[in-house]
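A.B. asks: How does the following fold in three dimensions:
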Amino acid sequence: MDTTTVPGTNSVDWAGITSVEELNQIWPVIEPKIAAALEYSWGEMIPNDYGQRICDQTMQLWLIFDVKTRETIGLLLTEIVNYPRVRVCNVTLVNGERMDEWFPYLETLEDWARQQGAEQLRWQGREGFIRKLRDFGYVKYYTVAGKILHTVN
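C.D. replies: Residues are numbered from 1 along each chain as shown. You can find the predicted model right below:
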């Protein structure tokens, strides 16, 4: 797989998926991981929607893998958003195991976001996940509340 690998730990490493061919090759492995993460969403997207955005290069896929077994143990999906006053890298989906091993190396993602001109890195996630990020300098900005509105016929 022709990935852009960046330095990680002794036991895990990161790779950005950079082509449609690579995505097609690994899709059977990552699609269930994306689907599992979406169990905690409000149904805005399904795995194929993310796949299309990765192919269109409007979203980026990051894999975290075990160096010894080459097994994918985590993934992140990011997107760069241009607001009128700031460019932001949003982490829109996260799934994985052994996060304590790869969280200390979030600098990899932060460096990439800076290279893209992003001034901020924002994470979407549940409360427990956001608490983990505090150890790495992240703060909770706001909470989003939602309600499903049923269409009146």
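
A.B. asks: what helix or strand does the residue most central in space within the chain sit in?
C.D. replies: Central residue check for the chain by C-alpha atoms, centre = their mean: the C-alpha nearest the mean position is that of Leu76, 2.1 Å away. Counting by DSSP states H and E, the element that carries Leu76 is strand 72-82.

A.B. asks: Note down every partner strand of that strand and its orientation.
C.D. replies: Under the criterion DSSP bridges, strand 72-82 sits next to strand 60-66 (antiparallel), strand 87-96 (antiparallel) in its sheet.

A.B. asks: how about these in CSV, adding distance to Tyr105?
C.D. replies: Bear in mind the C-beta positions are built from the backbone N, C-alpha and C, glycine included. Shown next, in CSV, are the strands paired with strand 72-82 (distance: least, C-beta to C-beta, whole Å):
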stretch, distance to Tyr105
strand 60-66, 9
strand 87-96, 13
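
A.B. asks: show me what contacts the closest residue to Glu71 other than its chain neighbours?
C.D. replies: With sequence-adjacent residues excluded and distances taken as C-beta to C-beta, 6 or more residues apart in numbering, Glu71 is closest to Phe65, at 6.2 Å. Taking C-beta atoms under 8 Å, 6 or more residues apart in numbering, we find Phe65 in contact with 12-15, 71-73.

A.B. asks: give me that answer again for 7 Å
C.D. replies: 12-13, 15, 71-73 (C-beta atoms under 7 Å, 6 or more residues apart in numbering).
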